[in-house]
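Engineer: got a predicted structure here, sequence first:
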Amino acid sequence: MSTKSLNGHTLPEAIDAGGLNWRHWLFFGLLFFLFVTDGMDATIVSHIFPSLIADWGVSVGGGISLVVTGGFIFMGLGALISGRLSDLLGRKIVLIAAGLFFALGTGLGGTSPDFNMFMIWRFLACLGIGAVLPTGVALLSELIPGKQRAAMVAASYAGLGIGTSLGAVLAGFVLPTLGWQTLMYLGGILPLVFIALIWIIIPESPAFLAHKGHHERARHALRRINPQINVENVDLEGVEISSHSTRGMKQLLTATFRRTTIALWVFAFFSLGTQMVIVQYLPLLLQQPSPGMDTAQSSTIFALYGFASVLSMLLLGSVLVKLPMYRTVAVAITLAALTAVLVSVTSDAGFGTLLITLTAAGFFIPAAVGPTRNVLTVDAYPADLKGTGLGAMELYARLGSAGLGAAGGVIAGAGIGLGGFFLVLLVPLGILGGSLGVLKRSRQRKTKHRTEDQLLADSLA
């Protein structure tokens, strides 16, 4: 096949040239499986808490809650710091460092002689766990053609869900025979494989390199994405080197981005918060006097909820290829709200009915509150501000998981039951819908201004 001529084409057009090829799928696959190990390491610690209590006499209300709360905080800090650094140093190098942090922190946690040392290693791991998703999403979004970008970002998020399930399965096999230390060692070793492959195979973001003025490196990265592109004819001199990456967080709150940024932070807070509050309290609510499920029944429902959530995120990715992003997310939020009402109405039904309605909830609710925040953020910021924007957004998402997690405990303990709990979820889902409306209007306003500026420039040319 002949080399494509891209004379006069822009960098985005060069990325889009030829559509998806096998290299894009390889990049996606490696990042997807890194996200799987990230999700696994985020959750395996919850399976070893009983062992820590037995070995070291740790209290649930003291040491265990400190690990959980501190973990959320360090994940948020990891997201914020890595997002900023990825705009300054590069997506790939920061992603590799984040992966090493969570791999080494998890693995070395197995060597801990006491609980204090375990906490130190755990918080180090949480810095990396929080950093991997926003940095990996930023890198993926800048390697994939625009038409498929939102879809593949959404689909990659399913890796976290698979990792959560894999962590539970691995814990079930390893803990009874080999102990919690071996589980931590495996949690540290597995991601190292994908970190090494990413270092060797995936190029740095051409957009980042071009914005930094590293034109030869950007052309080399383009060749690794699609060797058929004539990279010498791609206009990299025209890529603006703005002040975004040097102003960092301040730029997010300037007049240009303020409305978008605040709406994204609100969306992130309530999206991950809603997702986590269901995961944290669903087993407890199912085993209350009404509906009165036993442990086996609640575990079965919970497992199907998680399985359905992974399928829904993969389906969301395929839908985003064909349908407009904002309309798709709006439909997802609406279906999530309707499903919450359905669960509320059937909350006193038997096991069979709740198995069906909560599996439906697992299909529709996580799709609305899971990958959507990353899809919207990738679309909202230019390349030289994308990492900072994603990192700040993930910080607010982690704060939401802590805040709504605490509120969920109060709600679950208020005696309103499973039905009342799911009705309360209509409040954060409504806030998500309002935030989405603000984001769409901001996008339309920016598009209008860019069109007017282009018409003015054309008239003066």
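Structural biologist: On my side now, so go ahead.

Engineer: shaky segments in the stretch 51-200 of the chain?
Structural biologist: Flagging of the stretch 51-200 of the chain using pLDDT under 70 yields the residue ranges 60-61.

Engineer: hmm, try it at 80
Structural biologist: Along the stretch 51-200 of the chain, segments meeting pLDDT under 80 span 58-65, 68-69, 164-165, 168.

Engineer: where along it do the helices fall?
Structural biologist: Taking DSSP state H, counting those that start in this stretch as the criterion, the stretch 51-200 of the chain carries its helices at 65-88, 91-109, 115-141, 146-178, 180-201.

Engineer: closest to Arg259 out of the ones you listed?
Structural biologist: Arg259 lies closest to helix 65-88 among the helices of the stretch 51-200 of the chain, at 19.7 Å (Cβ to Cβ). For the C-beta atoms, the positions are set from N, CA and C on the backbone; glycine is no exception.

Engineer: what helices or strands is that closest one leaning on?
Structural biologist: Packing partners of helix 65-88 (3 or more Cβ pairs under 8 Å, 6 or more residues apart in numbering; DSSP states H and E): helix 22-56, helix 91-109, helix 115-141, helix 244-247, helix 383-412.

Engineer: buried stuff in it?
Structural biologist: Buried residues in helix 65-88, counting neighbours by 16 or more other Cβ atoms under 10 Å, are found at 66-68, 71-87.

Engineer: that one to helix 91-109, inter-axis angle?
Structural biologist: If you take axes from the mean of the first three to the mean of the last three Cα atoms, to 10 degrees, helix 65-88 sits at 160 degrees to helix 91-109.

Engineer: from here on, call the first residue 9.
Structural biologist: Fine by me, first position is 9 from now on; the one you just mentioned is helix 73-96.

Engineer: how far off helix 123-149 does helix 73-96 point, in degrees?
Structural biologist: Going by the same axes, to 10 degrees, helix 73-96 makes 40 degrees with helix 123-149.

Engineer: where's helix 73-96 relative to the chain centroid, distance-wise?
Structural biologist: Averaged C-alpha coordinates place helix 73-96 at 13 Å from its chain's average position (Cα atoms, centre = their mean, to the nearest Å).

Engineer: and it with helix 30-64, angle?
Structural biologist: 150 degrees.

Engineer: quick one on the thing from earlier: let me have the helices of the stretch 59-208 of the chain in CSV, extended by distance to Leu403.
Structural biologist: Below are the helices of the stretch 59-208 of the chain laid out as CSV (distance: least, Cβ to Cβ, whole Å):
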stretch, distance to Leu403
helix 73-96, 4
helix 99-117, 14
helix 123-149, 8
helix 154-186, 17
helix 188-209, 22
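
Engineer: how about these, which one is nearest Leu261?
Structural biologist: Of the helices of the stretch 59-208 of the chain, nearest to Leu261 by Cβ to Cβ is helix 73-96, at 14.1 Å.

Engineer: can you tell me which residues contact the residue nearest to Gly144 when sequence neighbours are not counted?
Structural biologist: Spatial nearest neighbour of Gly144, chain neighbours left out: Leu39 (5.0 Å); criterion: Cβ to Cβ, 6 or more residues apart in numbering. Contacts for Leu39 (Cβ atoms under 8 Å, 6 or more residues apart in numbering) come out as 144, 147-148, 164, 167, 206, 210.

Engineer: name the member of those with the most neighbours.
Structural biologist: Highest neighbour count within these: Gly144, with 31 neighbours (other Cβ atoms under 10 Å).

Engineer: wait, that residue sits on Ser164?
Structural biologist: Yes: with contact defined as Cβ atoms under 8 Å, Gly144 counts as touching Ser164 (7.4 Å).

Engineer: returning to that earlier point: in JSON lines, list the contacts of Leu39 along with distance to Trp64.
Structural biologist: Putting the contacts of Leu39 into JSON lines (distance: Cβ to Cβ, whole Å) gives the following:
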{"residue": "Gly144", "distance to Trp64": "34"}
{"residue": "Leu147", "distance to Trp64": "39"}
{"residue": "Leu148", "distance to Trp64": "40"}
{"residue": "Ser164", "distance to Trp64": "37"}
{"residue": "Gly167", "distance to Trp64": "32"}
{"residue": "Ile206", "distance to Trp64": "36"}
{"residue": "Ile210", "distance to Trp64": "40"}
